[in-house]
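Trainee: Sequence and predicted structure, then a few things I'm wondering about:
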Amino acid sequence: VQLQAFGGGLVQAGGSLRLSCAASGRTSSRDYMAWFRQAPGKERELAAYIRWDGGRTYSADSVKGRFTISRDIAKKIVYLQMNSLKPEDTAVYYCAANLDNLGYRYWGQGTLVTVSS
């Protein structure tokens, strides 16, 4: 499977952005899609994930209540709606796919989100 992420940019604190991740190739309803992020000088962290069938979602405490992960099955796109952005949300955001429960082995190229104070 190939993943292409886009939608990053520069936004002021308190603003919103929506990231998109287009998936091509084989996926199934029980596969998971996730958004990770890596801030400058920090390790990559999981922000949110969703199962393709929508039956399960997760958001990290750091983004809960502000970020929402969703998907469009027909278009094979996963979204990350980010609201109430904070400067500490500044990071490169990566989408990733976990197929057949083998871990996140497929990664998109990353998209930079910069939140100014």
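Mentor: Received the coordinates, thanks.
Trainee: Residue 4 belongs to a helix, doesn't it?
Mentor: No - secondary structure of residue 4, determined by DSSP: H, G, I helix; E, B strand; the rest coil: strand, with no helix assignment.
Trainee: Quick check: closest non-adjacent residue to it.
Mentor: Spatial nearest neighbour of residue 4, excluding adjacent residues (CB to CB, 6 or more residues apart in numbering): residue 22 at 4.8 Å. (Each C-beta comes from the backbone N, C-alpha and C, glycine too.)
Trainee: Let me see the residues that make contact with the helix or strand that neighbour falls within.
Mentor: Using DSSP states H and E, residue 22 sits in strand 17-24. When contacts are defined by CB atoms under 8 Å, 6 or more residues apart in numbering, strand 17-24 is touched by residues 1-9, 11, 33, 35, 75-82, 85, 93, 95, 97, 108, 111, 113.
Trainee: ok, now which ones touch the spatially most central residue of the chain?
Mentor: Averaging the C-alpha coordinates of the chain gives a centre point, and the residue nearest to it by CA atoms, centre = their mean is residue 35 (2.6 Å). Under the criterion of CB under 8 Å, 6+ apart, the contact list for residue 35 reads 19, 21, 46-49, 67, 69, 78, 80, 93-96.
Trainee: CA atoms of the helix or strand hosting residue 81 as PDB?
Mentor: Counting by DSSP H and E, the element that carries residue 81 is strand 77-82. As requested, the backbone C-alpha atoms of strand 77-82 are provided in PDB (Å, rounded to 0.1, in the frame of the first residue of the first chain):
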ATOM      1  CA  ILE A  77      -8.700   8.800   2.500                       C
ATOM      2  CA  VAL A  78      -8.100   9.200   6.200                       C
ATOM      3  CA  TYR A  79      -8.400  12.700   7.700                       C
ATOM      4  CA  LEU A  80      -7.100  14.400  10.800                       C
ATOM      5  CA  GLN A  81      -9.100  17.400  11.700                       C
ATOM      6  CA  MET A  82      -7.100  19.600  14.000                       C
END
